[in-house]
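Peer 1: Give the three-dimensional model of this entry:
(2 chains)
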Amino acid sequence: QRDLPLDPEVKYEIGNITVTGTSTYNENTVITFTGLRVGERIYLPGEKISNVIKNLWKLELFSDINLYVTDIRGDVVDLQLDIQEVPELNEIKFKGIKEKKGTTFIKDNGLNKGAKVTENLVTTTKNYIENTYKKKGFFNAKTLINVIPKEDTVSKNKVNMVVNIDRGSRVKVDQIIFEGSEKIKSKRLRRAMKNTKRKNPFRFYKRSKYIESDYEDDKKSIIDTYKENGYRDARIVSDTIIKNDDDGITLKLNVEEGKKYYIGDIDFIGNTVFSDAQLLRQLVLKKGDVYNGVLLKERIQKEGDPDADDLANLYQNNGYLFSNINAVETGVDNDTINFEIRISEGKLAYFNRVEVKGNDKTKDKVIYRELLTRPGQQYSKQAVVSTIRQLGQLGFFDPQQLTPEFKNFDQIGGTVDLEYNVVEQGASQIELQGGFGGGGFVGTLGLSFNNFSIQNIFKKEAYKPLPMGDGQRFSLRAQASQFFQTYSISLTDPWFGGKKPVQLSVSLSHTIQFQFNNLATSARDRVNRDSRNIITGGSIGLAKRLNWPDARFTLSHAISYQNFNLKNFNTGLFTFGNGSSVNLGYTIGLSRNNTANNPIFPVSGSQWSLTAKLTPPYSLFNNVDYEALAADREVAVENQDSDALAEIDQERFNFLEFYKIKFDGKWYTSLPGKFVLQSNVEFGWLGAYNNDRGIPPFERFFLGGDGLGGFALDGREIIRLRGYPNQSVTPLDRGAATTANNNDGATIYNKFSLELRYPVTFSQAATIYTLAFIEGGATYDNFRDYNPFQLNRSAGAGIRIFMPAFGLLGLDFGYGFDPIPGLIQPNGWETHFIIGQQF
Amino acid sequence: DDIKLKYTLADSLYQNGSYKKALKLYEQIVPLYRGRPQAERVMYAYSDIYYQLGDYYLAGYQFDRFVKSYPQSSKNEEAAFKSAESYYQLSPSYYLDQEDTNKAMEKLQEYINKYPESERQDKANAMVKELQTKLEKKEFEIAKGYNTIGASRNTFPNAMKSFDNFISAYPGSAYREDAMFWKFDSAYQYALGSRQDLMAERLAKAKEAYEVLEKYYPSGKYAKEVTKMIEDINVRLQTEETIN
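Peer 2: Now for the predicted structure:
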């Protein structure tokens, strides 16, 4: 166009605006975009015009924008806007990669049909793709994007994109060379580089690749390694990447180590509550130690660990809420650094008001009785942390949302208010399941209410939808299959009476079991309804946390009753097919649990329990001559007179008479490198008051296998011993000296095991650990045969996965070194699946 | 036409007290009347139906909206009262979280301040008082809870502190006498459960609590227990003195 003389002093009137160039928009729309009006007065050039152009660019619709003055008539100007509209994307093609991979690039960069193909889009796409491959170790990845106008007369201004990708080969790090590293070996520095590794065919878990961002992180790790070893001035002077060939590079790092520093004098200032010596002991670091800045900070206050054993918590757990600790370097003396740890202790703080907010269902008293921080009590951070844990363990609140909130800090009065915010969560569970087990379909319906209120069951208005809030546990369960039905109901109140943490448990159950024939052809014939066993029972128990000898002891009492009513039920352990049996017993137990932290993976402490179950000594006062009965029984056995035997056994076992003593102890020991050793000793002994009456066939011990309980109602105890089939480890003397057969459990057992555990992960979703074990156990029929050194031994390894939603799952492989009693060959390998069992 | 017919039917159902049926129709017509002159009448009836059906959560909300939308309405005062009363009805038992109680008290107080001439003032004031008493009962019961579990959990000092807080926070409370008595009881039981060498000092503390109680409630409702307890304290303190 012509060069027109424009006077910057003159405000021109716009006479006419024309739009030229490629555009799918009509002229008026474009003029509206500009915001210029015919008749408007503007300076040329001027701010208004440059803003117009800027705004048009911002729309990102045009790839080229030019404004021309086409005519000047006095102070009237005509303007021409020449624009090039950004082309729209018609089709995109990827070359050099799979089509599927291409679609993810389309998604991530918004390369859909109709997208505006700007310069910017092309560049970001190119960079995105290259970076994607670089992150995967394709250091030499190259991308070339061609934009080709679509040859089509109808739809103007459309383009096709062709993306050529040459990802090249994955680059491996051949060598990592350190220069200037004398004090710390290259090997150790290379180990500090967690992500960038040298080529090594044996390191199958981490392949060698070069990723820039990881490499940057690794450089920081190198410096950290130096810092942890006293080289606080260490730095990487330069680093170079040398390309060896297409898929190999060498990294060369030039480090300057600087001096190694040591801790000099540590002075405490402002401490009155704790002496210098006490603080030094807590600090662990001392004069002459290698200077480690990271560790020093952690010893004073470790961020993110409320349980840390640091200086700050020493004060916080002793009531000094307002305390504040700072470490200051006071001087560098050659290679030692002197410190002053400045402590402002503040006033001792006490809790004033302690409140709970957000309990829409759970009653105040159920929560307040669990608080370990109460009005008037000295402030302790530990107590707050423990309270949160305690409330979480109730199961009524969402543990993630349990938060303590400190309010009304009063530094002068030395008080603080505390508010716990809770969010109720569903504490009820419905279990409805069907499955195949025990030779047929088994259906289960279970309801359990974990925050029940038995007090309110007769109050109509409490049903919304169920009486809740008293922290009691109430459950109902029904299970049925072709050959059995069982119903049970139980109630547990952890604070029976409301005054003491005494747990009351009451339960009732009723079971009908029919005789079952697995070999029958039709389903109907498998069940013999004329042959049945009805078991009705109940129990009531109290468990109390003790204060003496210490608060980790629990004493429990329980009375249980079971009535077996048999009709034509000649199966298993019942030698009398018609008759009844009553199992009335009193159980007393003493246990102590001081395992630390995670109940699924304890790292220290111990856990043991001693229980005794006793029945009344009927034979002392029921005037039955059991000696004569025993003699009659021998005759009956000799004559193989099963009718007489049944009659005699009915008389012996109409009321079960026995005592049972059990001990189970577990010790946890932390070993270096996160390993934990669990040592376990178990012992059980079932005895009779009257030897002529004998030990009943109930309540016996079955050793071997995975330890999972099956469907058995005779009070049997199933004990795990890996490396052997389930319940296979019977007493050695069986068959020769006694009449007992292999279906009968033993009366004495012991078991010893050592298990070495290693945690894999403690994430929210799952706790996983691996284990290796050696163990041994044996059963006996009487104390004459008892020999704790003659065990069925085994060793093996396994894994445990605990997921909150599923409970515990496990898999163990065990090798049994000894033969199963009665056989000669060592038992060999066994595989055990473990579901929902003890940890 | 159709809307009008529905409205006539809905209104007659509402007037006759068939609230459930009326609600179904109102739910349909409410959006159609929005912005029309009849909307005021419709909205009032709609809110009132929730109120009559006992759905106080929605009644409170709808009446609240009504009050804000029609400040000139002749029903405005009544709606404001019913809104506040609905919040009052939502207030839970004292042993649960009291957020709704605090909200109801706020709403009632707003009502009381806004309509000082209203004949419903007495009712509103009575409700505020009832809710205030509920909050006091909550505090009192929490403090008493520390007394209840005192022997097993060693929380008598916490009970004493909580009762002190209670007494100074609510000087005019109906539970004031109870709080003073239970503070005395907590102090007394705390002393009885302590080591011999600490007992005299703690009994003296209990006696102080007794004196406060006696000063305000000389022959109160706990007189019988109090006499027994203080006699025991005096005897114990005397024997202690003779030993030393």
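
Peer 1: Contacts only, for the closest residue to chain A within chain B.
Peer 2: Residue nearest to chain A within chain B (CB to the nearest CB): B:Lys161, separated by 3.1 Å. (Each C-beta comes from the backbone N, C-alpha and C, glycine too.) Applying CB atoms under 8 Å, 6 or more residues apart in numbering or on different chains to B:Lys161 gives the contacts A:Arg374, A:Pro375, A:Gly376.

Peer 1: Just the element for it, please.
Peer 2: helix B:156-169 (DSSP states H and E).

Peer 1: Tell me which helix or strand comes right after that helix.
Peer 2: According to DSSP H and E, the helix or strand after helix B:156-169 is helix B:176-192.

Peer 1: What's the mean pLDDT across that following helix?
Peer 2: Over the span of helix B:176-192, the pLDDT mean works out to 96.

Peer 1: Export that helix to PDB, keeping only CA atoms.
Peer 2: What follows is helix B:176-192, C-alpha atoms only, in PDB (Å, rounded to 0.1, in the frame of the first residue of the first chain):
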ATOM      1  CA  ARG B 176     -25.700 -25.100  89.800                       C
ATOM      2  CA  GLU B 177     -26.600 -26.800  93.100                       C
ATOM      3  CA  ASP B 178     -26.000 -30.200  91.500                       C
ATOM      4  CA  ALA B 179     -22.700 -29.100  90.100                       C
ATOM      5  CA  MET B 180     -21.600 -27.800  93.500                       C
ATOM      6  CA  PHE B 181     -22.600 -31.100  95.200                       C
ATOM      7  CA  TRP B 182     -21.000 -33.300  92.600                       C
ATOM      8  CA  LYS B 183     -17.800 -31.200  92.800                       C
ATOM      9  CA  PHE B 184     -17.800 -31.900  96.500                       C
ATOM     10  CA  ASP B 185     -18.500 -35.500  95.900                       C
ATOM     11  CA  SER B 186     -15.700 -35.800  93.400                       C
ATOM     12  CA  ALA B 187     -13.300 -34.000  95.800                       C
ATOM     13  CA  TYR B 188     -14.400 -36.300  98.600                       C
ATOM     14  CA  GLN B 189     -14.000 -39.500  96.700                       C
ATOM     15  CA  TYR B 190     -10.700 -38.300  95.300                       C
ATOM     16  CA  ALA B 191      -9.400 -37.800  98.900                       C
ATOM     17  CA  LEU B 192     -10.700 -41.200 100.000                       C
END
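
Peer 1: any residues touching it, and which ones?
Peer 2: B:140, B:143-144, B:146-147, B:150-151, B:156-157, B:159-160, B:163-164, B:166-167, B:170, B:173, B:199, B:202-203, B:205-206, B:208-210, B:212-213, B:216-217, B:220-222, B:225-226, B:229, B:233.

Peer 1: what's the answer for stretch A:216-228, then?
Peer 2: Outside stretch A:216-228, the residues touching it (CB under 8 Å, 6+ apart) are A:184, A:188-189, A:192-196, A:232, A:234-236, A:239, A:253, A:255, A:257, A:292-295.

Peer 1: Flag every buried residue along that stretch.
Peer 2: In terms of neighbour count (16 or more other CB atoms under 10 Å in any protein chain shown), stretch A:216-228 has its buried residues at A:Asp218, A:Lys219, A:Ser221, A:Ile222, A:Ile223, A:Thr225, A:Tyr226, A:Lys227, A:Glu228.

Peer 1: right, and out of these, which lies closest to A:Asn244?
Peer 2: A:Asp218 (19.5 Å; CB to CB).

Peer 1: Whichever of the contacts of stretch A:216-228 end up buried, select them in PyMOL.
Peer 2: Of these, the buried ones go into a single PyMOL selection, burial set by 16+ other CB under 10 Å:
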select buried, chain A and resi 184+189+192+193+196+232+234+236+239+253+255+257+292+293+295
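
Peer 1: what subset of the contacts of stretch A:216-228 is also close to chain B?
Peer 2: Filtering these for proximity to chain B (criterion: CB under 8 Å from any CB of the partner chain) leaves nothing.

Peer 1: Which of the contacts of stretch A:216-228 fall within strands?
Peer 2: The strands, defined by DSSP state E, take in A:Arg235, A:Ile236, A:Asp239, A:Leu253, A:Val255 from the contacts of stretch A:216-228.

Peer 1: And A:Ala478, how close does it get to chain B?
Peer 2: For A:Ala478, the distance to chain B equals 33 Å [CB to the nearest CB, to the nearest Å].

Peer 1: what helix or strand does that residue sit in?
Peer 2: Applying DSSP H and E, one finds A:Ala478 within strand A:472-481.

Peer 1: Straight-line length of stretch A:516-536, end to end?
Peer 2: 20 Å (CA to CA, to the nearest Å).

Peer 1: Pull out the buried residues from that stretch.
Peer 2: A:Phe516, A:Arg526, A:Val527, A:Asn528, A:Ser531, A:Arg532, A:Asn533, A:Ile535.
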